[in-house]
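> with the input below, show me the fold.
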Amino acid sequence: MATETLPQTTISVEFLPDGETPTVSSLEVARHFQKKHKHVLDEIKRIQSITPKSFSEPNFRPAEYTDEQGKPRPCYRLTRDGFSLLAMGFTGSAAIRWKLKYIEAFNCLEAAVLDNARAAALAEGVKAAFSLSAKDRALLNKIIAYKKRGLYTSEIAKLMDTHEIKVGMLTTQARRMGLLPENAGKH
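Model prediction:
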């Protein structure tokens, strides 16, 4: 059985204006799956006609490109879900290999976005920690330990001989720094 090889080309992915949602152009899909762009557009329109707007609108974003003659032409920006639904209908071994490449590309981009968000949150937490006085940092460590044991804010305030408001503020600070989960010690 002969194996089919695909040219080594890159998959161009762009983000929506939210900066977090990766998309691929319907032109890229047509090129990689060796289909006419008109046929890809027809399939997108067919999918849009049978899916609810709550799915089709966010996952098939209308866009434009400029053709070889300098004329604006319609295309779509497809999210991972839009791409997945569209590509499910494509068949053949070449289609399977391209589907896997697109899935891998979207997953890598999504992981990078999440890593960046985590890094930003950690940096914000470190910055917040350095803004605390030495006394408040010491209180914060005790509050975290008590919250992890399930104590209420009022109980911690009594144990530490401080005001509940102070405990509440430092608990909020600990959550912002990622030292306590959002639902830990919500008493």
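> just the strands from this protein, written as ranges.
All strands of the chain, identified by DSSP state E, fall at 13-15, 22-25, 60-66, 72-78.
> would you list those strands in a markdown table and tack on mean neighbour count and distance to S131?
Every C-beta, even on glycine, is put in place using the N, C-alpha and C of the backbone. Shown next, in a markdown table, are these (neighbours: other CB atoms under 10 Å; distance: least, CB to CB, whole Å):
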| stretch | mean neighbour count | distance to S131 |
| --- | --- | --- |
| strand 13-15 | 14 | 32 |
| strand 22-25 | 22 | 35 |
| strand 60-66 | 14 | 41 |
| strand 72-78 | 18 | 41 |
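> and these as CSV, adding distance to L180 and mean pLDDT?
Below are the strands of the chain laid out as CSV (distance: least, CB to CB, whole Å; pLDDT from 0 to 100):
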stretch, distance to L180, mean pLDDT
strand 13-15, 31, 75
strand 22-25, 31, 88
strand 60-66, 38, 94
strand 72-78, 39, 95
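> can you list these in JSON lines and add distance to K158?
Below are the strands of the chain laid out as JSON lines (distance: least, CB to CB, whole Å):
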{"stretch": "strand 13-15", "distance to K158": "50"}
{"stretch": "strand 22-25", "distance to K158": "51"}
{"stretch": "strand 60-66", "distance to K158": "55"}
{"stretch": "strand 72-78", "distance to K158": "57"}
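> and the top helix by length along the chain, what does it pack onto?
Longest helix of the chain, by residue count under DSSP state H: helix 93-130. Applying 3 or more CB pairs under 8 Å, 6 or more residues apart in numbering; DSSP states H and E, we find helix 93-130 packed against strand 13-15, strand 22-25, helix 26-32, helix 80-87, helix 164-176.
> reformat the ones you listed as JSON lines; add distance to I47.
Formatted as JSON lines, the helices and strands packed on helix 93-130 follow (distance: least, CB to CB, whole Å):
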{"stretch": "strand 13-15", "distance to I47": "20"}
{"stretch": "strand 22-25", "distance to I47": "15"}
{"stretch": "helix 26-32", "distance to I47": "11"}
{"stretch": "helix 80-87", "distance to I47": "6"}
{"stretch": "helix 164-176", "distance to I47": "42"}
